[in-house]
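In: 3D, please:
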Amino acid sequence: MPERWRQLAVLSLAELLALSLWFSVSAVLPALRREWALGDAGSAALTVAVQLGFIAGTLGAALANLPDVWPARRVMVAGTLVGAAANAWLALAVDSLAAALTLRFVTGVAMAGAYPPAMKIMATWFREGRGLAIGILVGALTIGSAMPHLIRGLTDLPWRQTLLVASALAAAGAVLTRCCVREGPHAFPPARFDLRMAAAIFRERGPRLACFGYFGHMWELYSMWAWLGLFLGASLEARGGGSYLGLNAPAATFVAMGVGGALGAYAGGALADRWGRTTLTMAAMALSGLSAATIGLSFGGPPALTFVLALLWGVTVIADSAQFSTAVTELCPPAYVGTALTAQTCVGFALTIISIWLIPPFVRLVGWGWAFALLAPGPALGVLAMARLRAAPEAVRMAGGRR
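Out: Presented below is the predicted three-dimensional model:
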């Protein structure tokens, strides 16, 4: 096996383990709502705190050009270990919402070191097939994000032990990164500190349009990931019980979000390298936006139908994700690819805060039947941005000239 594929496998596994921290609290949210008497605001805040921390971490890293000045592997190891420690502290010593929010914020800051640098490292191993490679990496990230739901679905562990398992997985990911991951032969040139580079990605038309497509995608993605588990649980409850083809709600959430997402990320990467970045992202966003608009119509209905729609959404909502990042690595100055990726994710995650906050009050207003329709305008606007990029001359720099 060529070394680049070994590195892809190792880095993907390390990312899967590290990202088990992200939705660890979301997976145990029903238990926390009962134990801490949380309302909708407190429940949303526990997810939003991670997003805010990630934004703070990516903003600081982008302003300091950290992903391009410091070795990406070192940043990954440090970020993963800090996140594992913060998550474990929450499990072992926290009994209040305020302290939990602080530690979730710290976890989000740490994830800024575990996620964007991994994409940069992978780009140093692949020139041809870069979309597929980063797609596989994002697929691993998706499975890792869904992993706490699997733990909850297959075990009877209390919520504190579930968080500790996630921390142990992340720590193992840090060890794997330290021992086995290295940059490839297509390393980007070293950069000097330049405060202006954090905003350079928005000054040029090609990277700017790729970012706008990404922002539409992000409006939908993390809100879907944050609330799909509660939606599936509430749908069964409204029906009076049952299962999703033999799966309880947490296990069904893992399959839709993790397994479906991994398949979507892999297929999206392979097809984008063959069809072109804009073609794939436009098709994926059209399908995921349609899923967001219609899945609520199955609420309380036949579980098999709801599960199939959730799985389709899980596949399409992530199929395009890696391609926005890949496009940035192809359109931006090589010396500042890490900073550009970090700036892109920083703004994208800022948008997720709004959509995550809006879903609970929207559920109270219109019910689960129409709540997810609030997310559909994001991918619709993303399609328009990628259509404009497709028509721009810069598009020939992506995917070997395939638009």
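
In: correct me, but residue 347 touches residue 212?
Out: No - Residue 347 is beyond contact range of residue 212, at 9.9 Å (criterion: Cβ atoms under 8 Å). The way it works is simple: take the backbone N, C-alpha and C, and place the C-beta from them, glycine included.

In: so where is the stretch 151-300 of the chain shaky, pLDDT-wise?
Out: Screening the stretch 151-300 of the chain residue by residue with the criterion pLDDT under 70, one finds the ranges 188-201.

In: how about the helices in it?
Out: Secondary structure of the stretch 151-300 of the chain by DSSP state H, counting those that start in this stretch: the helices cover 159-180, 197-200, 205-239, 249-254, 260-275, 277-294.

In: from the chain's centre, how far out does the fourth one sit?
Out: Computed by Cα atoms, centre = their mean, to the nearest Å, the separation of helix 249-254 from the middle of its chain amounts to 17 Å.

In: again with the first one
Out: In this view, helix 159-180 has its centroid 18 Å away from the chain centroid, taken as Cα atoms, centre = their mean.

In: May I see the buried residues of it?
Out: Of all the residues in helix 159-180, those buried under the rule 16 or more other Cβ atoms under 10 Å are 159, 162-167, 169-174, 176-178.

In: So what touches the helix or strand hosting residue 385?
Out: Taking DSSP states H and E as the criterion, the element that holds residue 385 is helix 377-391. Applying Cβ atoms under 8 Å, 6 or more residues apart in numbering, the set of residues contacting helix 377-391 from outside is 206, 209-210, 212-220, 276-279, 281-282, 285-286, 288-289, 292, 327, 351, 355, 395, 403.

In: out of the residues you listed, which are buried?
Out: Looks like the contacts of helix 377-391 have 206, 209-210, 212-220, 276-279, 281-282, 285, 288-289, 292, 327, 351, 355, 395, 403 buried, using 16+ other Cβ under 10 Å.

In: quick one: contacts for residue 256?
Out: Residue 256 is in contact with 228, 232, 307, 310, 311, 313, 314, counting by Cβ under 8 Å, 6+ apart.

In: Generate the PyMOL command that creates a selection of the buried members of those.
Out: Selection command for PyMOL covering only the buried members of those, criterion 16+ other Cβ under 10 Å:
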select buried, resi 228+232+307+310+311+313+314
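
In: Off-centre distance for stretch 219-239?
Out: Between the centre of stretch 219-239 and the centre of its host chain there is 16 Å, according to Cα atoms, centre = their mean.

In: ah, wrong one, I meant stretch 129-140
Out: Computed by Cα atoms, centre = their mean, the separation of stretch 129-140 from the middle of its chain amounts to 13 Å.

In: tell me the mean pLDDT for it?
Out: Taken as a whole, stretch 129-140 has a mean pLDDT of 78.

In: ok, now stretch 33-52?
Out: In this model, stretch 33-52 carries a mean pLDDT of 87.

In: Check the spacing between the residue of the chain positioned farthest from its centre and residue 246 real quick.
Out: For the chain, the C-alpha farthest from the mean C-alpha position belongs to residue 240; by Cα atoms, centre = their mean, that distance is 32.4 Å. Between residue 240 and residue 246 the distance is 17 Å, computed by Cβ to Cβ, to the nearest Å.

In: Closest one of the contacts of residue 256 to residue 18?
Out: Relative to residue 18, the closest of the contacts of residue 256 is residue 314; by Cβ to Cβ it sits at 20.6 Å.

In: In which helix or strand does that closest one reside?
Out: Counting by DSSP H and E, residue 314 is part of helix 303-319.

In: Quick check: buried residues in that helix?
Out: For helix 303-319, the buried set under the neighbour-count rule, 16+ other Cβ under 10 Å, comprises 303, 306-319.

In: what do you get for stretch 34-45?
Out: By neighbour count, and taking 16+ other Cβ under 10 Å as the criterion, the buried residues in stretch 34-45 are 36, 38, 42, 43, 44, 45.

In: Contacts only, for the closest residue to residue 290 other than its chain neighbours.
Out: Once flanking residues are discounted, residue 290 sits nearest to residue 376: 7.6 Å by Cβ to Cβ, 6 or more residues apart in numbering. Taking Cβ under 8 Å, 6+ apart, we find residue 376 in contact with 220, 289, 290, 292, 293.

In: quick one: low-confidence ranges for the stretch 1-150 of the chain?
Out: 1, 62-69.

In: Quick one: the helices in it, in order.
Out: Taking DSSP H, counting those that start in this stretch as the test, the helices found in the stretch 1-150 of the chain are 3-18, 24-27, 29-36, 40-63, 66-69, 72-93, 97-114, 116-123, 130-154.
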